[in-house]
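Participant: kindly return the folded structure for what I paste below:
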Amino acid sequence: MSFAYTQSTQNFKTGDSMKFTVFSDLHHYPGYFMRGTFEDLDTILAASVREKVDFIIHAGDLTHGPSNHKALVEKYNQCPIPTYNCLGNHDTDHTPLAETLALYHMENNYYFFDFDGY
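Facilitator: The predicted structure is shown next:
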């Protein structure tokens, strides 16, 4: 099941805040799953834009092999909000790790980031 959640948090020292969306398990795999459609991704992205989030975290299993679903991956990559990815166990189905990382614009299969002092 895909789940999207928008969270706002405040830095108690500075008073600054950030807002982000996290979602996982879209499992885009047409012909096998009834969910994980372009419309589902559109809903997540539109809510993120509407809520004016600072960034989006995808927590795994966007597709079952991004090389077979490049249109959906590209739609996500073209989001005007910065995006960060975590690999799920299906993100490398039918796709070598190096190609998955390239398609998801990830330099490594692990990383960290700072956002505005957080």
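Participant: run through the neighbouring helices and strands of the biggest helix by length in the chain.
Facilitator: Secondary structure assigned by DSSP state H gives helix 38-50 as the longest helix of the chain. Contacts defined by 3 or more Cβ pairs under 8 Å, 6 or more residues apart in numbering; DSSP states H and E place helix 38-50 against strand 3-10, strand 17-24, strand 55-58, helix 70-77. Using the backbone N, CA and C atoms, a C-beta is placed for each residue, glycine as well.
Participant: so where is this structure shaky, pLDDT-wise?
Facilitator: Low-confidence segments of the chain (pLDDT under 70): 1-15.
Participant: the residue nearest the centre of it pairs with what?
Facilitator: Among the residues of the chain, the smallest C-alpha distance to the mean C-alpha position (Cα atoms, centre = their mean) belongs to H58, namely 2.7 Å. Using DSSP bridges, the beta-bridge partners of H58 come out as F23, N85.
Participant: does it touch N77 like I think?
Facilitator: No - in this structure, H58 sits apart from N77 without contact. The criterion is Cβ atoms under 8 Å, and the distance is 10.6 Å.
Participant: T21 touches H58, doesn't it?
Facilitator: No - the pair T21 / H58 is not scored as a contact, 9.3 Å apart, by Cβ under 8 Å.
Participant: where do the contact lists of those two overlap?
Facilitator: With contacts defined as Cβ atoms under 8 Å, 6 or more residues apart in numbering, no residue is shared by T21 and H58.
Participant: quick one: contacts of the longest helix of the chain?
Facilitator: Helix 38-50 is touched from outside by 2, 4, 6, 21, 23, 26, 28, 56, 71-72, 75-76, 79-81, with contacts defined as Cβ under 8 Å, 6+ apart.
Participant: now H105, nearest residue through space, not along the chain?
Facilitator: In space, not counting the residues next to it along the chain, H105 is nearest to N77; the distance is 6.1 Å by Cβ to Cβ, 6 or more residues apart in numbering.
Participant: if I pick that neighbour, what's in contact with it?
Facilitator: For N77, the set of contacting residues under the criterion of Cβ under 8 Å, 6+ apart consists of T83, Y104, H105.
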